[in-house]
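Asker: Take a look and give me a structure for this.
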Amino acid sequence: MTVLPLTASSQTISPARLDALKTELMKEIDKQQKSTQEMVDMVFSFGELGFQEVETSRYLTGILQKNGFKVEQGIAGIPTAWTAKWGSGKPFIAIGSDIDCIPKASQKPGVAYHDPIIEGAPGHGEGHNAGEPLNITAVLALKKIMEREKIPGTIMLWPGVAEEQLGSKAYYVRDGYFKDVDACIFTHVGNNMGTSYGDGGGNGMISVKFNFEGEAAHAAGAPWKGRSGLDAVELMNLAWNFHREHMETTQRSHYVISDGGDQPNVVPSKASVWYYFRERSYPKIMKMYKDGIKMAEAAAKMTDTKMTYEVLGSAWPGHFNQPIAEALYENIKAVGLPEWSPDDQVLAKALQKELGSPEEGLSATLSGLAKPAISLSAGGGGSDDIADVSWNVPTVVLRFPSNIPGLPGHHWANAIAMATPIAHKGVTAGAKAEAMTLLDLFTNPDLIKGAKTYFTDVQTKEVKYVPLISKTDKPPISLNKKIMEEFRPEMKKYYYNPAKYKTYLEQLGIKYPTVKKD
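Answerer: Numbering: from 1, shown residues only. Take a look at the predicted model:
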């Protein structure tokens, strides 16, 4: 077949030609399966918490630089954040995914029960090791075709740093990194392959740390001389827990006492509590935030302590683009789910049994194109700061099938599949769907136009984005530093070495799958 190049002035291509290029893309991605597996396994082995993704960012940007991408490091004042650009002109498409992991989620892959690599260490119990390898696989395949066919446009890859703290994307938006972007595709691990449009039914969130400062004293010898910051924390928490009775069912709020003092015989002069306030709309989130401040102020007055607070992260409730989601879903249907092996299903069912979930194994049927939530009174639950991008640029999320159904999330069990053939196959499938959708965006001006019309006339017609962070808020880049300093020296011993081992499973000496004997 003779393939004639597109010119920079081309507007559209024929359906037959587009199909031929998409077939070529899928074949090219299949050829990359070894490099895809290496990237997935390597990032899994780093296991870095939010704002501390040093090795992960160095590794991924190194690959992109070698392939002709121009990398800008340390964007938005975050050392582990970056952009990687290639191409020129319009359209300008952004492609992102998260890279951080979960505390205390260290787990040997391919082992269907709790068996940490390092006890107490962090690990990829959310599956964030797979998204950027998927994106890189997709764009490297697409780049070959764009170069040969002289297809105009700019690609920008970027990482979701500290997504578990919702700590970066609002800062990217505030600092202008999406100013000229026409559309964004974001990828996130799932147990099926799909996408959605409209209001996804999740919550937005603001993350706030309240700090109380009083006076230390001997807790037995002269407690009357002390003013306890911990007393203030506990009074605030008590007030908030009573307040829950009178809140709407869509709210989610939770906290940890991040500093409760040093030892019992010293009145804690300082104490801190870290809250996540979640709701379905900006006004409701802000009301929770202001209520929290009032309770903190009251607790400080009751204990004669001083109170300060700082915003650590935020996310709007998500809203995603219908025209791009529909185009993406057509490509998802063309790719289909991976062909799971008997070993893949054995691992999945054994883990489901271990956790008391239905032993249904891996998904065999594609999920549908998810429709919008019925109303703001429906839904509630988790949050993701890709939503801040979605309110500034037409955005969709591709969920790809690299994990096992029935898992609790944010848990060691969610790490088990993430450096196994299950993850490798799911990333390859997701890369195909993403690459084909990117090709649609670069060769079909009507898709970009339709996406912008939906964004303007539907999504933002009545709801306007107002940042939950201020112009002076700064990313809390010291978060998780002490934890990584504690565990990184031992974790380095387990970094994947692809020059010596075909897979991370081989390096760890794990027979796939490893399950409990009956």
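
Asker: Report the buried residues of stretch 206-221.
Answerer: Using 16 or more other C-beta atoms under 10 Å as the test for burial, stretch 206-221 gives Ile206, Ser207, Val208, Lys209, Phe210, Asn211, Phe212, Glu213, Gly214, Ala216, Ala217, Ala219. Bear in mind the C-beta positions are built from the backbone N, C-alpha and C, glycine included.

Asker: Now the fourth one: which helix or strand?
Answerer: Secondary structure here is read from DSSP states H and E; on that basis Lys209 sits in strand 204-213.

Asker: Now stretch 369-377: buried residues?
Answerer: By 16+ other C-beta under 10 Å, the buried positions in stretch 369-377 come out as Leu369, Ala370, Ala373, Leu376.

Asker: wait, what's in contact with the residue nearest to Gly160 when sequence neighbours are not counted?
Answerer: Nearest residue to Gly160, sequence neighbours excluded (C-beta to C-beta, 6 or more residues apart in numbering): Asp98, at 3.5 Å. By C-beta atoms under 8 Å, 6 or more residues apart in numbering, the contact list for Asp98 reads Glu126, His128, Gly131, Pro159, Gly160, Val161, Glu163, His188.

Asker: switch the cut-off to 10 Å
Answerer: 50, 53, 126-132, 159-164, 168-169, 186-189, 384-386 (C-beta atoms under 10 Å, 6 or more residues apart in numbering).

Asker: Just the buried ones from the residues you listed, in PyMOL syntax?
Answerer: To isolate the buried members of the contacts of Asp98 in PyMOL, using 16+ other C-beta under 10 Å:
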select buried, resi 50+53+126+127+128+129+130+131+132+159+160+161+162+163+164+168+169+186+187+188+189+384+385+386
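
Asker: Surely Ala350 and Ala413 touch.
Answerer: No: applying C-beta atoms under 10 Å as the test, Ala350 and Ala413 come out as separate, 11.2 Å apart.

Asker: for this protein, which spans come out with low pLDDT?
Answerer: 1-11 (pLDDT under 70).

Asker: in it, which spans are helices?
Answerer: Using DSSP state H, the helices of the chain run over residues 15-31, 33-46, 54-66, 131-149, 169-174, 229-243, 282-303, 322-335, 342-355, 386-390, 421-443, 445-454, 481-491, 504-508.

Asker: what's around Asp388, how many residues?
Answerer: 28 (other C-beta atoms under 10 Å).

Asker: My guess is it contacts Lys169. True?
Answerer: Yes: look at Asp388 against Lys169 with C-beta under 10 Å: they come within range, at 5.0 Å.

Asker: Could you pull out the residues contacting both of these two?
Answerer: With C-beta under 10 Å, 6+ apart as the test, Asp388 and Lys169 both reach Phe178, Ser314, Ala315, Trp316.

Asker: The residues you listed: which two are farthest apart?
Answerer: Greatest spacing in the shared contacts of Asp388 and Lys169, by C-beta to C-beta: Phe178 and Ser314 (15.8 Å).

Asker: Compare these two (neighbour count), which wins?
Answerer: Higher neighbour count among Phe178 and Ser314: Ser314, with 27 against 22, using other C-beta under 10 Å.

Asker: so what's that one bridging to?
Answerer: Ile206 (DSSP bridges).

Asker: show me the contacts for the residue lying farthest from the centre of the chain.
Answerer: Note on the chain: the largest C-alpha distance from the chain mean falls to Gly221, namely 49.9 Å (C-alpha atoms, centre = their mean). Gly221 makes contacts with Asn265, as judged by C-beta under 10 Å, 6+ apart.

Asker: ditto for Thr456
Answerer: By C-beta under 10 Å, 6+ apart, Thr456 lies in contact with Pro394.

Asker: now do Tyr177
Answerer: Listed by C-beta under 10 Å, 6+ apart, the contact partners of Tyr177 are Glu72, Ile75, Ala76, Ala81, Thr83, Ala94, Met156, Trp158, Lys169, Tyr171, Val389.

Asker: ok, now with 7 Å
Answerer: Ile75, Ala76, Thr83 (C-beta atoms under 7 Å, 6 or more residues apart in numbering).

Asker: Kindly reformat the helices of the chain as CSV containing distance to Val466.
Answerer: Formatted as CSV, these follow (distance: least, C-beta to C-beta, whole Å):
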stretch, distance to Val466
helix 15-31, 39
helix 33-46, 34
helix 54-66, 30
helix 131-149, 28
helix 169-174, 11
helix 229-243, 24
helix 282-303, 6
helix 322-335, 23
helix 342-355, 40
helix 386-390, 11
helix 421-443, 28
helix 445-454, 21
helix 481-491, 31
helix 504-508, 44
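
Asker: Appreciated, that's everything.
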